[in-house]
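>>> next comes the sequence, and after it the predicted model I'd like to discuss.
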Amino acid sequence: MLNPNLDEIQLTKEEYERYSRHLILPKVGLEGQKRLKAASVLCVGTGGLGSPLLLYLAAAGIGRIGIVDFDVVDSSNLQRQVIHGTSWVGKPKIESARNRILEINPDCQVDLYETRLTSENALDILEPYDVVVDGTDNFPTRYLVNDACVLLNKPNVYASILFFEGQATVFNYEGGPNYRDLYPEPPPPGLVPSCAEGGVLGVLCGVIGTIQATEAIKIILGQGNTLSGRLLLYDALQMKFRELKLRPNPERPVIEKLIDYEHFCGIPQAKAEEAKRQMEMSEMTVKELKELIDRGTDDFVLLDVRNPNEYEIAQIPGSVLVPLPDIESGAGVAKVKELLNGHRLIAHCKMGGRSAKALGILKEAGIEGTNVKGGITAWSREIDPSVPEY
């Protein structure tokens, strides 16, 4: 309802006071505030991006906010997901988000969808909303949100973050490009690390999420120039913004229906290959590793393939660090050969994935090894709780 009947929208005495700073803005005013009250926005995800944008959408006076999420609050979320608090750890994120939204704006209608967004439910969930904001962190859901928005003709306010950098744009708005113009094909699974694997500066989420909120509000107000056709890139370390032009690709395949996005992004295929590798790969549990260490045998090398900063956080006694990027580049392979000197190789990482990848590379170089299931996370949980879990 981006063009509502404003005669039917009224502000209460309390709302005049609450939104007074908007009401005196020439490009918002009473008409704009009524537009915000009449509008509906769906936010997919209540993580690093969803947290700040939901706070500001609620504060701005958006009348109806929908939230899609099926996760629970974890203590590791609190570094960046500012809509959640310590008392909500272990509880559903959407309930935590609703609680905080209603504290900011008790007049806001909050719709909760505690479910994974899928090809089966996406059109029904997105259809009632004027604007969709994508706060997700994985490629299958990004393609799903994009295609559903195209089919429903909804603006899609997009952003992503990783490390110290973020990007934002508006897709499918007034004839502008959509996500498939930026990424016609998904990257191979595992090529782009998740925030859990690579890390992210917490405050970066606030900058990019607030940009998303700004774009959603501008679309509703019909004011300013949106990021449609422009990809905004932000480098927090250099404190620099730059911009790339985006244009619709005339040869882009027509989106006619929602598909299997997990398969489109190669997830099942990658999982099958990983399962095959694991079946072929020698593995041991952390309990078996502990027994080996306790016996005092010195016929093995315990290889840690995490990054140096992770190694500073926590180590398994006796482990030697050779980061996975060094092994992938080839430089670390010679170092591993030198370390082994005829000894048995055992490798670990945070949870077992990177060490399995490292062992696959080393196997091609003629070095066999055993992977520690669950990595140092399992060691912390099952063997030594004093080892920090991160």
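Alright, I've got the coordinates. Predicted, not measured: the structure shown is a model, and the values here were computed from it.
>>> quick one: buried residues of the one helix or strand Val157 maps to?
In the assignment (DSSP states H and E), Val157 maps to strand 156-162. Within strand 156-162, the residues that count as buried by 16 or more other Cβ atoms under 10 Å are 156-162. From N, CA and C alone the C-beta is placed, and that goes for glycine too.
>>> show residues contacting that strand.
48-49, 131-135, 137, 142, 145-146, 149, 166-173, 178-179, 192-193, 195, 198, 200, 204-205, 208-209, 211-212, 215-216, 219 (Cβ atoms under 8 Å, 6 or more residues apart in numbering).
>>> PyMOL command for the buried members of the residues you listed?
Buried subset of the contacts of strand 156-162, written as a PyMOL selection, criterion 16+ other Cβ under 10 Å:
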select buried, resi 48+49+131+132+133+134+135+137+142+145+146+149+166+167+168+169+170+171+172+173+178+179+195+200+204+205+208+209+211+212+215+216+219
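>>> just the ones of the contacts of strand 156-162 in helices?
Counting by DSSP state H, the contacts of strand 156-162 place 142, 145-146, 149, 179, 195, 198, 204-205, 208-209, 211-212, 215-216, 219 in helices.
>>> out of these, who's nearest Val322?
Set against Val322, the nearest of the ones in helices among the contacts of strand 156-162 by Cβ to Cβ is Gly198 (18.6 Å).
>>> check contacts around the closest one.
162-163.
>>> now do Val68
By Cβ under 8 Å, 6+ apart, Val68 lies in contact with 42-45, 94, 113, 115, 117, 125.
>>> can you check Gly90 too?
Residues near Gly90 by Cβ under 8 Å, 6+ apart: 72-74.
>>> now the strands: where do they sit in this protein?
Here the chain has its strands, by DSSP state E, at 40-44, 64-68, 109-113, 131-134, 156-162, 165-171, 230-235, 240-245, 282-284, 300-304, 320-321, 344-348, 370-372.
>>> got those strands as TSV, with distance to Ala356 columns?
What follows is those, written out as TSV (distance: least, Cβ to Cβ, whole Å):
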stretch	distance to Ala356
strand 40-44	31
strand 64-68	32
strand 109-113	35
strand 131-134	31
strand 156-162	22
strand 165-171	28
strand 230-235	32
strand 240-245	36
strand 282-284	9
strand 300-304	12
strand 320-321	17
strand 344-348	8
strand 370-372	5
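>>> distance to Gln269 and mean pLDDT added to the ones you listed, as a markdown table?
Converted to a markdown table, the strands of the chain look like this (distance: least, Cβ to Cβ, whole Å; pLDDT from 0 to 100):
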| stretch | distance to Gln269 | mean pLDDT |
| --- | --- | --- |
| strand 40-44 | 25 | 98 |
| strand 64-68 | 26 | 98 |
| strand 109-113 | 29 | 98 |
| strand 131-134 | 24 | 98 |
| strand 156-162 | 23 | 97 |
| strand 165-171 | 27 | 98 |
| strand 230-235 | 29 | 98 |
| strand 240-245 | 31 | 98 |
| strand 282-284 | 22 | 94 |
| strand 300-304 | 28 | 97 |
| strand 320-321 | 32 | 97 |
| strand 344-348 | 24 | 97 |
| strand 370-372 | 21 | 97 |
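>>> between those strands, which one is nearest to Glu15?
Each of the strands of the chain has some distance to Glu15 by Cβ to Cβ; the shortest is strand 109-113, at 14.2 Å.
>>> elements contacting that closest one?
When contacts are defined as 3 or more Cβ pairs under 8 Å, 6 or more residues apart in numbering; DSSP states H and E, strand 109-113 packs onto strand 64-68, helix 93-104.
>>> out of those, which is the most enclosed?
Compared across the helices and strands packed on strand 109-113, strand 64-68 shows the largest average neighbour count, a mean of 23 (mean count of other Cβ atoms under 10 Å).
>>> please compute how far that strand lies from its chain's middle.
Centroid separation for strand 64-68 versus its chain: 18 Å, with Cα atoms, centre = their mean, to the nearest Å.
>>> and the angle from it to strand 109-113?
Calculated by axes from the mean of the first three to the mean of the last three Cα atoms, to 10 degrees, strand 64-68 forms an angle of 20 degrees with strand 109-113.
>>> so what strands line up beside strand 64-68?
Under the criterion DSSP bridges, strand 64-68 sits next to strand 40-44 (parallel), strand 109-113 (parallel) in its sheet.
>>> chain center to the last one: distance?
I take that to be strand 109-113. Here strand 109-113 is found 21 Å from its chain centre; the criterion is Cα atoms, centre = their mean.
>>> got the contact list for that strand?
Against strand 109-113 from outside (Cβ under 8 Å, 6+ apart): 63-69, 94-95, 97-98, 101-102, 125.
>>> mind checking how far the nearest residue to Leu123 once chain neighbours are set aside is from Cys43?
Leaving aside its chain neighbours, Leu123 sits nearest to Ala148 (5.7 Å; criterion: Cβ to Cβ, 6 or more residues apart in numbering). Distance from Ala148 to Cys43, counting by Cβ to Cβ, to the nearest Å: 14 Å.
>>> still on that earlier bit, could you give the angle of the strand holding Val157 to strand 40-44?
Going by the same axes, to 10 degrees, strand 156-162 makes 30 degrees with strand 40-44.
>>> strand 156-162 pairs with which strands?
Paired neighbours of strand 156-162 in the sheet (DSSP bridges): strand 131-134 (parallel), strand 165-171 (antiparallel).
>>> now the longest one - C-alpha only, CSV.
Presented in CSV, the C-alpha positions along strand 165-171 are these (Å, rounded to 0.1, in the frame of the first residue of the first chain):
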residue,chain,number,x,y,z
GLU,A,165,33.1,-4.5,4.7
GLY,A,166,29.5,-4.2,3.7
GLN,A,167,27.3,-3.5,0.7
ALA,A,168,23.8,-2.3,0.2
THR,A,169,21.4,-1.6,-2.7
VAL,A,170,17.7,-1.7,-3.6
PHE,A,171,16.5,-4.4,-6.0
